[in-house]
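> Output the structure for:
(one chain, ligands or ions: 3)
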Amino acid sequence: MIEVVAGESLDTANADVLVVPVLSELTWGPGAEWAVAALGDWVEGYLSAQEFTGKARQMATVPGGDAVAFGRVVFVGLGDEVDAEGLRRAAGSVGRAVSKYATVVTTLHQLEIDDAAECVAFGFIAGQYRFDKYLSDPKPAKTEALELAGADASAMDAAQRGTTLAAGVALARDLVNEPASAKPPTHLAAVAEEIGADTGLAVTVYDEAACVEERFGGLLGVAAGATNPPRMVVLRHEPEGAEASVVLVGKGIVFDSGGLSLKPPAAMETMKTDMSGAAAVFGAMQAIARLDVPVNVTAIAPLTENMPGGSALRPGDVLRARNGKTIEVLNTDAEGRLVLADGLSLAVEEDPDLIVDIATLTGACKVALGASIGGLFGNDDYAISAVTAAAARAGENVWPLPLEKEYGSLIESPIADVKNIGGRFGGAITAGLFLAHFVDDVPWVHLDIAGPARADKAEHYIPKGATGFGVRTMVALVQDLARS
Ligand code: BES
Ligand code: ZN
Ligand code: ZN
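Numbers count the residues shown, from 1 in each chain. Ligands and ions are numbered 1, 2, ... in the order given. From the prediction side, this is the model:
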């Protein structure tokens, strides 16, 4: 387990690695000039010969030799304009590059950016994340300590926030990377209870009988074809004196086979990740509790598998959701919106200031925005701008899509209040319009993370596989609500 600690100044520090920043055209960042002076004149020529100019995320390593008390010095490029996300990414690339060394000293947090130490701690730890529990020969990162040279108390507070965020993101990634067979709804509910025991969050788990009692018709409909029973999980953070309130709702399909509207094999390969919304909500709640953010936050996670068993939901069936609305199910693969119908209905009953749902909801959103951008929808301009601003501050990429009222006719059903598919075009939008049926007039934002919940390749602080997307946006949003 890596620790982020306050380090001595460079004159007295020692470690396996020293990491210093360089901006474009070999403009030395904090500590780099010191390193070059200590190492000797040859370094500048050596870096140039390696075509290292300080472009974003370029890296060059030189041996420390007898000149410095570091085994090696890593120069990391930050480009022209350093911002928080550039710093996170640089720290992430460095974290990956130096993972075989035990002790790392850096000056990256000395760059003049708000919360620099938070970005450095987060990026470095998130970059070293690995999911290796099923490998016979795992090669875990060996870094034990990241020392922030000369860091003061406020930098260390920021670093602690970054560490807490990275832990929330790692929790979400672990849950998403876990194979579906190892994470039935009962298991994820137990994980929620552990998070509660660990952080003081209050946890309520509705078992199958309670789901019937509570009329979670959408969740029960999707669960009908699965052998593993569903669960509805609610976590609560209720700090004393808090005024603002928000409910976070996460889609928790532990495996999406499509149900009787079965997916083709290739489309199923990644469907253990269809509970990324629920995982993000769990990770965010852990961080919100540990950071003790003074806002009332409730998290709701409807958890089930979507399987084509003999008692499965059929196309043409009609379900009644928690809020009483009836749904004609024409495609059982549009199941996320069915379980969210209950989750959102429950959220409305809390009468919060704001509801945010997060879901790997539609392939259409991934087609529209590509794999690294989340779709953002909402029924309230203030709520939309609050979540957009939080995502920007957190360094998560989202883009607004419209809840076009005219398309509402696409999900009209002749026999029920609404149907669960809206035809070939605008699939992310018709899914959003469907969800709008279950939020009444509570300010609400819907995040479709079908793209960014997982990555095909590792890059800076993002590993291949589960990304933990959404954790940081939700934490930032709740922090912003505490300030406003
Ligand atoms: N879980 C999928 C959406 C998805 C697709 C997430 C690709 C991540 C990557 C969702 O339940 C689904 O199957 N949606 C259907 C909806 C359609 C039947 C209206 C889709 O997107 O094709
Ligand atoms: Zn589906
Ligand atoms: Zn799904």
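> Pull up the gap between residue 275 and residue 405, please.
Residue 275 is 31 Å from residue 405, where distance means C-beta to C-beta, to the nearest Å. Quick note: C-beta positions are derived from backbone N, CA and C, even for glycine.
> Could you list the buried residues of the longest helix along the chain?
The helix that spans the most residues within the chain, counting by DSSP state H, is helix 153-177. For helix 153-177, burial by neighbour count (16 or more other C-beta atoms under 10 Å) applies to 155-156, 158-177.
> How about the residue in the stretch 251-400 of the chain positioned nearest to ligand 2: what's its closest non-neighbour residue?
Nearest residue of the stretch 251-400 of the chain to ligand 2: residue 333, at 3.8 Å (C-beta to the ion). Distances taken as C-beta to C-beta, 6 or more residues apart in numbering put residue 258 closest to residue 333, at 3.9 Å, once the chain neighbours are dropped.
> For the one you found, give me the pLDDT.
What the model reports as pLDDT for residue 258 is 98.
> can you give me phi and psi for the residue in the chain positioned nearest to ligand 3?
Here the chain gets closest to ligand 3 at one residue, residue 256, 3.8 Å apart by C-beta to the ion. Dihedral pair for residue 256: phi -110, psi 100, per degrees, to the nearest 10.
> Spell out which residues of this protein are next to ligand 2.
Within the chain, the positions near ligand 2 by C-beta under 5 Å from the ion are 256, 333, 335.
> ok now do the last one, which residues does it touch?
Spelled out, that is residue 335. Listed by C-beta atoms under 8 Å, 6 or more residues apart in numbering, the contact partners of residue 335 are 222, 253, 256, 259, 306.
> looking at this, the second one is in a strand?
Yes - for residue 253, which was evaluated using DSSP: H, G, I helix; E, B strand; the rest coil, the result is membership in a strand.
> Tell me the buried residues in stretch 196-216?
For stretch 196-216, a neighbour-count test (16+ other C-beta under 10 Å) marks 196, 199, 201, 203, 204, 205, 206, 208, 211, 214, 215, 216 as buried.
> Over to stretch 41-54?
For stretch 41-54, the neighbour count (16+ other C-beta under 10 Å) marks 43, 47, 52, 53, 54 as buried.
> Work out the gap between that stretch and the centre of the chain.
37 Å (C-alpha atoms, centre = their mean, to the nearest Å).
> Show me the contact partners of it.
By C-beta under 8 Å, 6+ apart, the list of residues contacting stretch 41-54 from outside reads 22-27, 35-36, 58-60, 62, 75, 77-79.
> show me where the stretch 201-350 of the chain has strands.
Secondary structure of the stretch 201-350 of the chain (DSSP state E, counting those that start in this stretch): strands at 202-206, 231-237, 245-250, 252-256, 296-306, 318-320, 326-328.
> Next, format those strands as JSON lines and append distance to residue 290.
Converted to JSON lines, the strands of the stretch 201-350 of the chain look like this (distance: least, C-beta to C-beta, whole Å):
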{"stretch": "strand 202-206", "distance to residue 290": "15"}
{"stretch": "strand 231-237", "distance to residue 290": "10"}
{"stretch": "strand 245-250", "distance to residue 290": "16"}
{"stretch": "strand 252-256", "distance to residue 290": "22"}
{"stretch": "strand 296-306", "distance to residue 290": "13"}
{"stretch": "strand 318-320", "distance to residue 290": "38"}
{"stretch": "strand 326-328", "distance to residue 290": "38"}
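> near ligand 3, which residues of the protein?
Counting by C-beta under 5 Å from the ion, the chain sits next to ligand 3 at 253, 256, 274, 336.
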